[in-house]
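[1] need a 3D model of the sequence below.
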Amino acid sequence: MNDKLTPVELATDITTAWLANPNTKADIEDVPAFLSAVFNTVTRLGNSAPADDILAEEEQVLQPAVSVRRSLASPDHIISMIDGKPYKTLMRHLSGHGLTPQAYRARYGLKHDYPMIAPAYSAARSEMAKRIGLGRKPSAKIAAKTAEPAAPAKRRKLGIAQK
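    Sure, this is the predicted structure:
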């Protein structure tokens, strides 16, 4: 007995399982189209090498939406090579696509120092941090006050005999 199923049998089994699912809401007109789509997919997957499909998909995805020069043309934003939209910072955008900055740079052949944050946004954040005092050591005045012990407070006479 042959354990390997033919594409027709496999497509039939998949369609049967799909119809047996109580959550499937399909009309009778949808079944032939679904069966045909499953059969075509099973046949394509059975005849082609998976590595060829993966390489073909990667080549399509790796085409940048804009050039490197255009992506860095404005100091106010960086244009993503994934979708061609402007962002002040690419970090959240990349994580939404399952990429790290290193993977993004490798994917599009960018240099290791390709920025992930727009220059104007970075400068504004830096200025705000300096203004509120982040990254600074306490000044000598503040350090001297905290180093010397506090003088004992003088007791005030309240008119009540103190013991």
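
[2] quick one, helices of this structure?
    Here the chain has its helices, by DSSP state H, at 7-20, 30-47, 50-61, 68-71, 91-96, 101-107, 119-132, 140-147.

[3] now R136: closest residue in space, sequence neighbours ignored.
    Once flanking residues are discounted, R136 sits nearest to K130: 7.9 Å by C-beta to C-beta, 6 or more residues apart in numbering. In this view, the C-beta of every residue, glycine as well, is placed from N, C-alpha and C.

[4] now L35: how far from H97?
    34 Å (C-beta to C-beta, to the nearest Å).

[5] now stretch 99-115: buried residues?
    99, 101, 104-105, 107-108, 110, 114 (16 or more other C-beta atoms under 10 Å).

[6] quick one: low-confidence ranges for the chain?
    1-3, 48-62, 140-163 (pLDDT under 70).

[7] so who does the residue nearest in space to the middle of it touch?
    Geometric centre of the chain, nearest residue: S95, 0.8 Å, by C-alpha atoms, centre = their mean. Applying C-beta atoms under 8 Å, 6 or more residues apart in numbering, one finds that S95 lies in contact with no residue.

[8] who does the residue nearest to H77 when sequence neighbours are not counted bridge with?
    Residue nearest to H77 in three dimensions, not counting chain neighbours: P86, with 3.7 Å by C-beta to C-beta, 6+ apart. Bridge pairing for P86 (DSSP bridges) gives the partners I79.

[9] ok, back up a step: and L35 and H97? Which one has more around it.
    L35 (18 against 14; other C-beta atoms under 10 Å).

[10] I'd like to know how far that one sits from K4.
    Counting by C-beta to C-beta - L35 and K4 are separated by 20 Å.
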